[in-house]
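Novice: Below: sequence and its predicted model.
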Amino acid sequence: MTDVVVPKWGATMDEATIVQWLKNVGDRIAEDEPIAEMETDKATAEIVSPAAGTVVELLVAQDADVVVGQVIARIAPDGEGASP
């Protein structure tokens with residue numbers, strides 16, 4: 001299982017808001033494919049998947065505030081933990 005965490009962009013970024021999920025639970029995702037969009041006080045950016053597999057959990061709601069390093073989703077490798 002691979003955790004998707006909120007990355008740090010810029011020296012002063014501590015928190016962001018998940019403005020849109022681009023994938024849903026059960027969706028396949030490729031490594032480096034966008035999974036969500038986040039907004040900081042200065043910009044909107046995409047959060048990309050650190051691994052290929054299937055999205056098995058979205059841990060925060062859309063429009064939720066998150067902090068750098070927070071786990072926001074989990075991805076199972078192909079063939080593990082995903083429903084057909």
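Specialist: Looks like it came in fine.
Novice: For the residue nearest to Val67 when sequence neighbours are not counted, list the residues it contacts.
Specialist: Distances taken as C-beta to C-beta, 6 or more residues apart in numbering place Glu15 nearest to Val67, at 5.0 Å, with adjacent residues excluded. C-beta coordinates here come from the backbone N, C-alpha and C atoms, glycine included. Neighbouring residues of Glu15 by C-beta atoms under 8 Å, 6 or more residues apart in numbering: Thr40, Asp65, Val66, Val67, Val68.
Novice: With Val5 instead?
Specialist: Val5 touches Gly69, Gln70, Val71, Ile72, counting by C-beta under 8 Å, 6+ apart.
Novice: Over to Asp14?
Specialist: Counting by C-beta under 8 Å, 6+ apart, Asp14 makes contact with Val67, Val68.
Novice: same thing but 10 Å
Specialist: Shown in contact with Asp14 (C-beta atoms under 10 Å, 6 or more residues apart in numbering): Val6, Lys8, Thr40, Asp41, Val67, Val68, Gly69.
Novice: Most widely separated two among those?
Specialist: Taking C-beta to C-beta, the two most distant members of the contacts of Asp14 are Asp41 and Gly69; they sit 17.7 Å apart.
Novice: Tell me if I'm right that Ala76 and Val4 touch.
Specialist: No. Checked against C-beta atoms under 10 Å, the pair Ala76 and Val4 is beyond contact range at 11.8 Å.
Novice: ok, the two, which is more surrounded?
Specialist: Set Ala76 next to Val4 and count neighbours by other C-beta atoms under 10 Å: Val4 wins out with 24 against 16.
Novice: where does this protein dip in pLDDT?
Specialist: The chain contains residues with pLDDT under 70 at 12, 79-84.
Novice: For it, which segments are assigned as strands?
Specialist: Under the criterion DSSP state E, the chain contains strands at 2-5, 15-21, 28-29, 34-39, 44-48, 53-58, 65-67, 71-76.
Novice: Counting by contacts, list what the fourth one packs against.
Specialist: So the one you mean is strand 34-39. The contact analysis (3 or more C-beta pairs under 10 Å, 6 or more residues apart in numbering; DSSP states H and E) places strand 34-39 against strand 15-21, strand 44-48, strand 53-58, strand 71-76.
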